[in-house]
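Colleague: Sequence first, then the predicted structure:
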Amino acid sequence: MRLEKYIATSGIASRRSVKKRILAGAVTVNGEPVLVPGHPIDVETDAVEFEGKRVEPLTEHIYLMLNKPAGYITTRSDERGRPTVMDLIRDLPDTIYPVGRLDSETEGLLLFTNDGDFAYRLLHPSHEIDKTYLAWVQGVPNDDAIQRLRRGVTIPSGTTAPAKIERLKPSKDHKSTQFEVTIHEGKKRQVRMMFKAVKHPVIRLKRIQVGTLKLGSLPSGRYRFLTSDEVSELLML
Ligand code: URA
């Protein structure tokens, strides 16, 4: 395995920073500094140290969040060759997969793991985990439209459960309005369909929180590993 991949998949730091630190001489293999990110590592026998600390072989379970940009499909592979979220987490073990999905045009927090129990617990409808989105919608919905969204509206896949809907701010020209929306269901294109039902289509949609986990300032297109506290908190929901 390549040195940078070995270190990155151990969860110690993101791949980008691992590469920089290797080039800066922060990594030794069997006691010798190695400045080549592609240096081959024998997972069974080589001793790798990162900034003086032993890097253990691959952790059993991997949990990470990606800030998904628009234009990427949530799938492991696309037969038509379109960009997929897997393109953004290259160099990680190919046993990891997305937990749930975001539409191609939707941005924001997408989890990945290779832990089937974790994925199951997060996705199972009975757990009703809250997911929060920022939605920019056309026009300025009135109070009646907002009340309807809160109570539940009829969309092609059924009637939506009560949702938290907070109007943030209209744009200066009053052509669009920003909302914070929290739902716990996962109906197909749910947030887009909800606003479509009240005649204010979504222009832009970004998921900013899943359960206790916030996207924070993670840049678009980048990923980071979850801390063990973040994983345990999600499993306690
Ligand atoms: N609701 C949507 O409309 N799209 C998503 O990707 C997620 C929730």
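Modeller: Nice, thanks for sending it over.
Colleague: in the protein, which segments are predicted with low confidence?
Modeller: Across the chain, the ranges flagged by pLDDT under 70 are 11, 57-59.
Colleague: show me where it has helices.
Modeller: 3-9, 15-23, 116-123, 143-151, 190-197, 228-236 (DSSP state H).
Colleague: any idea how far the ligand is from the residue minimising distance to the centre of the chain?
Modeller: Geometric centre of the chain, nearest residue: residue 110, 1.9 Å, by CA atoms, centre = their mean. Remark: distance between residue 110 and the ligand (CB to the nearest ligand atom, to the nearest Å) = 9 Å. In short, each C-beta sits where N, CA and C put it, glycine included.
Colleague: Might you report the residue contacts of that residue?
Modeller: Taking CB atoms under 8 Å, 6 or more residues apart in numbering as the criterion, residue 110 is in contact with 65-68, 74, 85, 98-102, 207.
Colleague: again, only this time at 7 Å
Modeller: Shown in contact with residue 110 (CB atoms under 7 Å, 6 or more residues apart in numbering): 65-66, 68, 74, 85, 98, 102.
Colleague: One more: residue 213?
Modeller: Applying CB under 7 Å, 6+ apart, we find residue 213 in contact with 65, 230, 234.
Colleague: related to what we said a few turns ago, beta partners for the residue nearest to the centre of the chain?
Modeller: residue 66 (DSSP bridges).
Colleague: going forward, begin numbering at 57 instead of 1
Modeller: Right, with 57 as the first residue, what we last looked at is residue 166.
Colleague: That one and residue 177, how far apart?
Modeller: Distance of residue 166 to residue 177, computed by CB to CB, to the nearest Å: 17 Å.
Colleague: Please name the nearest non-neighbouring residue to residue 234.
Modeller: Spatial nearest neighbour of residue 234, chain neighbours left out: residue 224 (4.1 Å); criterion: CB to CB, 6 or more residues apart in numbering.
Colleague: check contacts around that neighbour.
Modeller: Counting by CB under 7 Å, 6+ apart, residue 224 has contacts 234-236.
Colleague: Top of those by number of neighbours, please.
Modeller: Among those, residue 235 has the most neighbours (other CB atoms under 10 Å), with 22 neighbours.
Colleague: hang on, the earlier thing: what is the nearest of the contacts of residue 269 to the ligand?
Modeller: Taking CB to the nearest ligand atom as the measure, the ligand lies nearest residue 121 of the contacts of residue 269, at 15.1 Å.
Colleague: Could you give the number of residues near that closest one?
Modeller: Residue 121 has 23 neighbours, counted by other CB under 10 Å.
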